[in-house]
Structures are given as structure tokens and as C-alpha cells.
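Peer 1: return atomic coordinates for the entry below.
(2 chains)
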Amino acid sequence: MDALLEPFKIYLQHKVSITDEQFYLISDHLKVKSFEKNEMIIMKGDISSRGYFVLSGLLRSYSIDNKGKTHIIQFAPEQWWLSERNGMLFNEPSDFFIDAIEATKVVIVHKDFMNEAAIHVPCINDLNNNMLNNSIRFMQKRINMLLSATAEERYLNFITLYPNLTLRVPQWMIASYLGITPESLSRVRKDLAHKQFRT
Amino acid sequence: MEANVKRVASVLIAPAPHMVGDGFRVHNFFPSGYKLKMSPFFLLDYNSKINFSARKKPRGVGVHPHRGFETITIAYHGAVAHHDSAGNSGIIHPGDVQWMTAASGILHKEYHEEAFSVKGGDFQMVQLWINLPARHKMSPPKYQDIKQANIQKHYLQNNGGVIEVIAGEYQDLKGFASTFSPLHLFNARLNKGGKAVFTFPSNFNTGFVIIEGGIRINDEEVAGVDQFVHFSNEGSEIKIEALENSIILVLSGEPINEPIAQYGPFLMNNSEEIQQAISDYNQGKFGYLEE
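Peer 2: Purely as a prediction, here's the structure:
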């Protein structure tokens, strides 16, 4: 087994009851890969059958609109999953780009991994369902935020979800994720600072 | 060799440079370049002399936070403009030193000074991070703008040159900067053939950055420009002789024997304090500074 898979094993063991021997059996289907900073991983239009579990570093998925503006859909720092489901589950071209914001190490999980792993470790199906439900819940919250929340509420939610990303990515990327302008994000941070110093 | 001599442990070449923002091309001697015992000095970024082309929009590093330590910027060529969330601002010209105590938290930005940027030219700087003892990590931020004219100077015999005492003490001459733990920081500007002797307690972690020229140390080792000299923790006396006109940044300090937890721009004692620093920064407790 690739020693670099160790953190992924620990992650799985934290989520489901899986022994070292069982992990060894399924680890044949897993591969660790490194991406350089700014490396493009999936282009819009690609059909990708892989998902990524981030061991170290930071990935993002995003779209670019007709005016050339970037819209960040998701950040994936350590211990996060990122996949492009059009390709992974429906064999259709991707609507999104995925690239590495930092030098990043990932575990590549092929679309058939969960099914194959479940042969050896049936409870992995529970994990898969759980992850899927969690992902839907995350997306529902995100849609609600984008439709109904103020810029400040979106920012406060962001720093709870991704505490250290404010130190890792430029302001414009955070603004892009939040669906607000960088100026608006700057105003939110300024207002928060003023509130802190009034109390 | 005399028993009291503080011997050279190693003479180190500058590690490969990396950019900090787009304005600082630095060699990190420690902690990432070399694993050196240098507490209370936590980080040494050395921007070796490089020529920046003229540019209207100044290069530099945008707004970022710090907590738990001090940043000391020492200019040799070029000029840097600084602004922070405590309302301090200043320009660091060659020969000047800026001593910023981030302590409980500050936001700052550092850019090439406008006139320098428009003209372009040689740029050479050192930035040091000096750790703070646990009891001072949450002190209020502080700013010491140390102009060349205010720096105490000890003139060496026989036109040997000058020792500029930025902090600490040299031959009973006390430095301008106040510090939170015992340490010495000098710029030794020696003429060719100039000699100087430094005496530091044996437990003080000690190093030299050769900014310009080259020196012979303790009559046995030689160090040249852009190299770092790391000294052993035995003995206390260091003798140097300039082989050509030279500038040496001298650092020596009493180690702070406390646990260290670092994440990005925060330097604390444990991971809970790091989490707190991230949370405080996100919530605006470091104040606000316009980009």
C-alpha cells in the first residue's frame, strides 16, 4: 500500500468500521497524485470519471460566464472531496473547471471505487450514502445562502465552513464564492472590524 | 584555539529564492531554508540585492495579519512604504529599521515606496520575525520607526568602520529599539581591514548575514556576500576582520524556551491559540486596513 494513503485510511476509519486488512484490500483501486500550484485538472467539456479526496493543499471548482467572469462553486482544502458529477455519474461533459490553488496531493477515487470496495467492505455503502446526503445538504444550504442571505451572513457562514481560507486565497476568490463583489466583501470586513472595536 | 571563542558552526549559502507578493524576492535562511537553533529569531527572509525595473504601480505585499511576534525590516537598498491597522505608516530607507510589534494582532501592507518604484533600481532588505515570550504575545501592538540618524554608532579604532546598534548593547552603547527579551541586533559596516570583536553569552543563539563584502571570522573561517554564518552555543567571543568593505547584520539573542505553534502569519504557543487567532482575524478583531 502507498504510504501516502495513510491519512485517507485514518479518514475512512473515522467514518466507518474498516480494518487495516480491509483497507489494504481496497487500496489497490486508489492512487495518490500531486498537482502543482495553478495546475488545471478538469476543463469544461472534459468527461471525467474521477473524484478527488484532498490530502494536502487546496482545489477549487468554478465556471466562467460569457463575460469572462469566474464563479467559484466549491473550495476543497484538506479532508474535503471534490468531484465533477456530470462526468463521474452520467458520462457527460463537465460544466466546470477544477484546478489547484496550491500545490496539492489528492487520492484519486475512480467512479467504480465505492461499488468495488463494497464487495470487500459492505459498510462502505453507508459511507457513500452519508456523503451523498451531506453533499445535498451542503448544496441546499449554499443555494439558500446565495438566494436569501446578506453579504455579511454569507461571509460569517464562510468563515465557519472554511476558517483558514481567508489566509490562503485572495479576497476576490472569496467574493466570487460568496456571489458578491470584492468591494462588498471589503465593506463587510470593515463593518465587522468596526463592530468589534465598538464593543 | 582559546576556550572562550564562540566558534562558527556552519557557513550557509542562500537557499533558492521565492517571491513574497510581487515585491520581495527572498531567500529564507530559517526556519524553512535551514533548520537552525536561532530562537528568539523565528524567521529570516533575506532579499539579496536585485534590480527592479521601473514601474508606476508599486510592487509589494497586500494587507495581511500577524499575531504573537515582531517583524523587523532592515533596508540596505531601495525603499519600502508601510501602513498598518493601528494607524502607523512610514517609509524605510537604506540604513533605516522598522520594528513592528504585532503582539495581539495587527494588519499591515508593505509596498515599494512610490518614488523608488517609478525610478526602479537596486533593492536589498532583511525581514526578521522575532518571537515574543508567552506573557507578551497578547500585548498591544507597537511600532518603532528607527531612522538611520537615531541609530547609536560605535566607531571602531583605526578607521575600521562602525557598529550600528539597532537593539541590545555594544561596548556599553545601548540600541534605540526596546525589546521583550534579551537580544542584540547590529549592522556592522566595516572598511577593508577593519576589525571588530563581539561578546555574547554562550547560550545566546547567534548568526551573521553577510550583506556586502566578505570577512574572516576568528582567524579561521571565511564568509562571503549573501551567506549566513551560524555560531555554536559554546564560548562567547567572536573576532572578525573585513577582507573588503563589508556590511554584516549581527543577530544574537537569549532563546525563548517555550513551545511554538505556527500557522501562516501567526506564531503562538499552542494550536488552540492558533485557532483563536484565525477566528479573531476572520471576525475583524485585528481591525481594518484598506487594500
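Peer 1: give the contact list for B:K6.
Peer 2: For B:K6, the contacting residues are B:F200, B:S202, B:T206, B:N218, B:F231, B:S232, B:E234, B:G235, B:S236, B:E237, B:I238, taking Cβ atoms under 8 Å, 6 or more residues apart in numbering or on different chains as the criterion. No exception for glycine: its C-beta is placed from N, CA and C like everyone else's.
Peer 1: kindly report the same for B:H27.
Peer 2: Taking Cβ under 8 Å, 6+ apart, we find B:H27 in contact with B:A14, B:P15, B:A16, B:P17, B:G33, B:D45, B:Y46, B:N47, B:S48, B:D226.
Peer 1: pick the one among the contacts of B:K6 closest to B:A149.
Peer 2: Minimum separation from B:A149 among these (Cβ to Cβ) is found for B:F200, which lies at 26.8 Å.
Peer 1: how close does that closest one sit to chain A?
Peer 2: Between B:F200 and chain A the distance, using Cβ to the nearest Cβ, to the nearest Å, works out to 36 Å.
Peer 1: thought that residue was touching B:S236?
Peer 2: Yes. With contact defined as Cβ atoms under 8 Å, B:F200 counts as touching B:S236 (5.7 Å).
Peer 1: just want to know which of those two has more residues nearby.
Peer 2: With neighbours defined as other Cβ atoms under 10 Å in any protein chain shown, B:F200 and B:S236 compare such that B:F200 has more, 23 against 17.
Peer 1: just the pLDDT for the more buried one.
Peer 2: What the model reports for B:F200 is a pLDDT of 97.
Peer 1: just give the closest residue to it, not the sequence neighbours.
Peer 2: The shortest distance from B:F200 to any residue that is not its chain neighbour, by Cβ to Cβ, 6 or more residues apart in numbering or on different chains, is 4.3 Å, and that residue is B:S252.
Peer 1: do the same with B:K119
Peer 2: Spatial nearest neighbour of B:K119, chain neighbours left out: B:A54 (5.8 Å); criterion: Cβ to Cβ, 6+ apart.
Peer 1: contacts only, for that neighbour.
Peer 2: B:S117, B:V118, B:K119, B:G120.
Peer 1: list buried residues within those residues.
Peer 2: By the neighbour-count criterion of 16 or more other Cβ atoms under 10 Å in any protein chain shown, these include these buried positions: B:S117.
Peer 1: and the contacts of B:A54, which is closest to chain A?
Peer 2: The nearest member of those to chain A, counting by Cβ to the nearest Cβ, is B:S117 at 21.2 Å.
Peer 1: once you drop chain neighbours, what's closest to the closest one?
Peer 2: Closest residue to B:S117 apart from its sequence neighbours, by Cβ to Cβ, 6+ apart: B:P58 at 4.0 Å.
Peer 1: any idea how far that neighbour lies from B:A81?
Peer 2: Taking Cβ to Cβ, to the nearest Å as the criterion, B:P58 is separated from B:A81 by 7 Å.
Peer 1: now for those two: what residues contact both?
Peer 2: B:Y111, B:H112, B:E113, B:E114.
Peer 1: next, the contact list for the second one, please.
Peer 2: Yep, that's B:H112 we're talking about. With Cβ under 8 Å, 6+ apart as the criterion, the residues that contact B:H112 are B:G23, B:F52, B:P58, B:R59, B:G60, B:G78, B:A79, B:V80, B:A81, B:F123.
Peer 1: angles on the backbone of it, please.
Peer 2: For B:H112, the backbone dihedrals are phi -60, psi 140 (criterion: degrees, to the nearest 10).
Peer 1: do the same with the one 10 residues further on
Peer 2: Per-residue torsions, B:D122: phi -70, psi 140 (degrees, to the nearest 10).
Peer 1: how far away is the residue nearest to it when sequence neighbours are not counted from chain A?
Peer 2: Ranked by Cβ to Cβ, 6+ apart and with sequence neighbours excluded, the top spatial neighbour of B:D122 is B:H77, at 4.1 Å. In this structure, B:H77 lies at 29 Å from chain A, with Cβ to the nearest Cβ as the measure.
Peer 1: bridged to B:H77, which residues?
Peer 2: Each beta-bridge partner of B:H77 is listed here, defined by DSSP bridges: B:Q124.
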